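A.B. asks: For reference, the sequence and a predicted model appear below.
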Amino acid sequence: MTTSEPAAVSESTVVVHHRLHAEFAGPAWLRRILGPKAGLELDATGLRVRFGPWLVETPLSNLAGAEATGPYSPLRAFGVRLSLADRGLTFGTTTDGGVCLRFREPVRGIEPWGRIRHPGLTVTVSEPALVAEAINRVVAAS
């Protein structure tokens, strides 16, 4: 995970730029299958999570919070999964744990037409507790 938060300060305003990158956890062969752009990216333009051909994007203003979760059942931990209970989406690569992202307005993700919208996204990235903490800081600052 890489993160940086440089700040520029003037008398009337404070500008903070956020940038966070977190790769998916799990074996190297699986990360190679997902592609070089797979992972979670957060910057001033918003959040992007790429998992193979799947992509979830949303502006920072749509983030409601995040929390570290897990461990997960091996039957439900791997691949792309839609929760029938709440329409939450999971991009999973390990049973160890991940981070659950909550959105103010549901986002598109599992299918390209956007008919199914997701109120949350669970991703099994490296260092999920640190990723959740960083996202919660961004949410609190907005």
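C.D. replies: Ah, there it is.
A.B. asks: now Cys100: how far from Ala22?
C.D. replies: 14 Å (Cβ to Cβ, to the nearest Å). Using the backbone N, CA and C atoms, a C-beta is placed for each residue, glycine as well.
A.B. asks: neighbour count winner among those two?
C.D. replies: Taking neighbours as other Cβ atoms under 10 Å, Cys100 and Ala22 compare with Ala22 leading, 23 against 18.
A.B. asks: Could you report the separation of the nearest residue to the more buried one once chain neighbours are set aside from Phe78?
C.D. replies: Closest residue in space to Ala22, ignoring its immediate chain neighbours: Val125 at 3.9 Å, by Cβ to Cβ, 6 or more residues apart in numbering. From Val125 across to Phe78, the span is 14 Å (Cβ to Cβ).
A.B. asks: Please say which of those two ends up with more neighbours.
C.D. replies: Of the pair Val125 and Phe78, Val125 is the one with more neighbours under other Cβ under 10 Å, namely 27 against 17.
A.B. asks: ok, the more buried one touching Leu40?
C.D. replies: Yes. Counting by Cβ atoms under 8 Å, Leu40 is a contact partner of Val125 at 5.3 Å.
A.B. asks: which neighbours do the two share?
C.D. replies: Common neighbours of Val125 and Leu40, using Cβ atoms under 8 Å, 6 or more residues apart in numbering, are 22, 131.
A.B. asks: ranges for the helices of the chain?
C.D. replies: 28-34, 128-141 (DSSP state H).
A.B. asks: Nearest approach to Pro71 belongs to which of those?
C.D. replies: Pro71 lies closest, by Cβ to Cβ, to one member of the helices of the chain: helix 128-141, at 10.8 Å.
A.B. asks: Report all helices and strands that that closest one contacts.
C.D. replies: Helix 128-141 is packed against strand 19-22, strand 39-43, strand 63-69, strand 98-108, with contacts defined by 3 or more Cβ pairs under 8 Å, 6 or more residues apart in numbering; DSSP states H and E.
A.B. asks: Make a markdown table from these and add distance to Val49 to it.
C.D. replies: Below are those laid out as a markdown table (distance: least, Cβ to Cβ, whole Å):
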| stretch | distance to Val49 |
| --- | --- |
| strand 19-22 | 9 |
| strand 39-43 | 5 |
| strand 63-69 | 12 |
| strand 98-108 | 8 |
